[in-house]
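K.L.:
My questions concern the predicted model and sequence given below.
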Amino acid sequence: FIALRLVRTYQQKGDQTAAMKTLRNAIDANPNDKGLHFAYSNMLLESKSSDSGEILYHLKRSFRQGDANYTAQLLYAREHYISGDFAESKRLFAELRNVRLSPEWRDRMQYPMEKVSQGIVTNIEATYFFVRVDVTNESLYVHKTGCDESLWNELQRGLRVKFNIAFSMRGPGGVNVSKA
């Protein structure tokens, strides 16, 4: 608790180096503290660390199977997706999909990737559509709120679009969709 308060103080002063060092020291002294691991993984994510293995390690240590730290579990599944481990990501999202949460929280798209992806609209329904992603060839769900109304009215199969991939408890999906 004290370490986390000190870390927040360092962060408010803009001293990320001291904040990271404090968290590493606290984790060394208390290696089973889930809150410390979660705070450290968040700092790694915010610093845009390229060490996916370290991020995955600390996210995994920030929750236990069956606990209610769903944010850590969502970020853990997201990080597997980003690192290219689609099978593990899919398995983790399948578990999260069944968690008893309000539909607003479970379906909310969050933590978008900065990278812009491209794909083709493959299927359109009343309130959502699917996009086949060029690079991975996977089909991503996009709710109509993931694009502006003018694009929604112009949607048709075969339309090329660009978008960001974001994540809900159900898995990856598209947001900020526009014509490519």
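P.N.:
Structure's in. What do you need?
K.L.:
got the residue ranges for the strands in the chain?
P.N.:
Counting by DSSP state E, one finds strands in the chain at the ranges 116-124, 128-133, 139-143, 160-168, 171-179.
K.L.:
which helices and strands does the shortest one pack with?
P.N.:
In this structure, strand 139-143 packs against strand 116-124, strand 128-133, strand 160-168, strand 171-179, with contacts taken as 3 or more C-beta pairs under 8 Å, 6 or more residues apart in numbering; DSSP states H and E. (C-beta placed from N, C-alpha, C; glycine too.)
K.L.:
hmm, 6 Å instead?
P.N.:
The criterion is 3 or more C-beta pairs under 6 Å, 6 or more residues apart in numbering; DSSP states H and E, and the helices and strands that strand 139-143 contacts are strand 128-133, strand 171-179.
K.L.:
Identify the residues contacting it?
P.N.:
The list of residues contacting strand 139-143 from outside it, by C-beta atoms under 6 Å, 6 or more residues apart in numbering, reads 128, 129, 130, 131, 132, 133, 173, 174, 177.
K.L.:
for it, which positions count as buried?
P.N.:
Using 16 or more other C-beta atoms under 10 Å as the burial criterion, the residues of strand 139-143 that qualify are 140, 141, 142, 143.
K.L.:
What mean pLDDT does that strand get?
P.N.:
Taken as a whole, strand 139-143 has a mean pLDDT of 96.
K.L.:
got the angle between that strand and strand 171-179?
P.N.:
Put simply, strand 139-143 runs at 70 degrees to strand 171-179, going by axes from the mean of the first three to the mean of the last three C-alpha atoms, to 10 degrees.
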